[in-house]
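>>> okay, here's the prediction I keep looking at, along with the sequence it came from:
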Amino acid sequence: MTGLPDLNRLRLFAAVADAGGFTAAAERLGLAKAALSQQVARLEAELGVTLLTRTTRRVVLTEAGSQLLDACRGPLLQLDTALRELGAAASAPQGRLRITAPGDYAAGVLAPALAAFRERYPAVSFDLIASHDVLDLVQDRIDLAIRMGWLKDSTLRASRLSEFEQWVVAPPALAAAAGVDPQWLATQPWIALNLLPSPRLWTFVARDGLAQTVRMQGGCEVNSPVLVQALVRAGAGLSVLPDFMVHEAVARGELRRLYSDWSLPPAGIFAVYPSGQHVPAKVRAFIDFFRDWLATRAGEAKA
């Protein structure tokens, strides 16, 4: 024998041995008896041994046939089980979902969504990795990343889940002295989020299309939106934050939104996952679930 035998022929041989003959095995497999006999004969030729002694009444395993059947039955059963499980995982959400998102978003938004997702799909468990770093999904074997803002070109696949507005927010004391247009912001202490490519440069667009680009000065820099919000609430300065982070604080009067007549570029919320021909059912299910969950949450916030 110059190589491994054909796996399907091993299956057919085991089926004949278990059924006790070619006729019964062919009926179980839905094959023609002649075709089944031919495949087993080819397996014997590949191995260079006789596996079955054929008589007019029955088929009997040879010593080599018994050895082969004992050796391959367990692995074939394990392989069949694994293939059935893979087929089930491809059609129904199950297994472990490894997902990553920025720390503040993971805690404030993604965690409750995952809890609700598990109620609907109890066969899915998850590993949640909170990180502001852009992790390598393939190397780290991560199924899905939630990323925000504007995506760079990538070989990864992405689905847009939602979008959010960016609001200029200030503590009430600073807000009371706000100027008539966004250029006033350049004179104020600014809390910059250094995760952004240009955390001190913002372009505002008025309703009539007039654009103003403002370069913020002074203040401090931090590496977390949660810290930005905490510093603004403490009166350390002003900043830009996603609407979903601050709309409740604004509604309660703890923060003030400035220049609501001017807009900043909206940013997206994306599900990013490795490219491939087949997307696992657990990933497809969570993307659809999370998109609907975000839409419902946004509707409740506006109500």
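Nice, I can see it. None of the values given here were measured: they were computed from a predicted structure.

>>> residues in contact with the closest residue in space to T155 that isn't next to it in sequence?
The shortest distance from T155 to any non-neighbouring residue, by C-beta to C-beta, 6 or more residues apart in numbering, is to S275 (5.8 Å). Backbone N, C-alpha and C define where each C-beta goes, glycine included. S275 makes contact with 155-157, according to C-beta atoms under 8 Å, 6 or more residues apart in numbering.

>>> element containing S275?
Per DSSP states H and E, S275 falls between elements, in no helix or strand.

>>> now do R147
Counting by DSSP H and E, R147 is found in strand 144-149.

>>> contacts for that strand?
97-102, 105-106, 110, 134-135, 137, 158, 161, 164, 196, 242, 267-273, 283, 286-287, 290.

>>> can you list the strands that it pairs with?
According to DSSP bridges, strand 144-149 forms sheet pairs with strand 95-101 (parallel), strand 267-273 (antiparallel).

>>> and these as JSON lines, adding mean neighbour count and distance to F13?
Shown next, in JSON lines, are the strands paired with strand 144-149 (neighbours: other C-beta atoms under 10 Å; distance: least, C-beta to C-beta, whole Å):
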{"stretch": "strand 95-101", "mean neighbour count": "20", "distance to F13": "33"}
{"stretch": "strand 267-273", "mean neighbour count": "19", "distance to F13": "41"}
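
>>> got a markdown table for those strands, with distance to L231 and mean pLDDT too?
Below are the strands paired with strand 144-149 laid out as a markdown table (distance: least, C-beta to C-beta, whole Å; pLDDT from 0 to 100):
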| stretch | distance to L231 | mean pLDDT |
| --- | --- | --- |
| strand 95-101 | 22 | 93 |
| strand 267-273 | 21 | 91 |
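
>>> closest to Q217 out of the ones you listed?
strand 267-273 (23.6 Å; C-beta to C-beta).

>>> then that closest one to PDB, C-alphas only?
Taking Å, rounded to 0.1, in the frame of the first residue of the first chain, the C-alpha atoms of strand 267-273 are listed here in PDB:
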ATOM      1  CA  ALA A 267     -19.900  57.000  13.700                       C
ATOM      2  CA  GLY A 268     -20.800  53.400  13.100                       C
ATOM      3  CA  ILE A 269     -21.000  50.300  15.300                       C
ATOM      4  CA  PHE A 270     -19.800  47.300  13.400                       C
ATOM      5  CA  ALA A 271     -19.500  43.600  13.900                       C
ATOM      6  CA  VAL A 272     -16.200  42.400  12.400                       C
ATOM      7  CA  TYR A 273     -15.300  38.800  11.900                       C
END
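
>>> where does the stretch 151-300 of the chain dip in pLDDT?
Scanning the stretch 151-300 of the chain for pLDDT under 70 picks out 153-154, 276-277, 300.

>>> quick one: the strands in the stretch 201-303 of the chain?
201-206, 211-215, 220-222, 239-242, 256-258, 262-263, 267-273 (DSSP state E, counting those that start in this stretch).

>>> and the ones you listed: which comes nearest T50?
Nearest of these (C-beta to C-beta): strand 267-273, 51.3 Å.

>>> chain center to that closest one, what's the gap?
10 Å (C-alpha atoms, centre = their mean, to the nearest Å).

>>> ok, and what's touching that strand?
Here strand 267-273 has contacts from 137, 143-151, 154, 156-164, 166, 242, 279, 283, 286-287, 290, 294, using C-beta under 8 Å, 6+ apart.

>>> nearest to A175 among the contacts of S275?
L156 (40.3 Å).

>>> next, find the distance separating that closest one from V138.
9 Å (C-beta to C-beta, to the nearest Å).

>>> and if you look at A41?
45 Å.

>>> which one of those two has more residues nearby?
A41 (15 against 12; other C-beta atoms under 10 Å).
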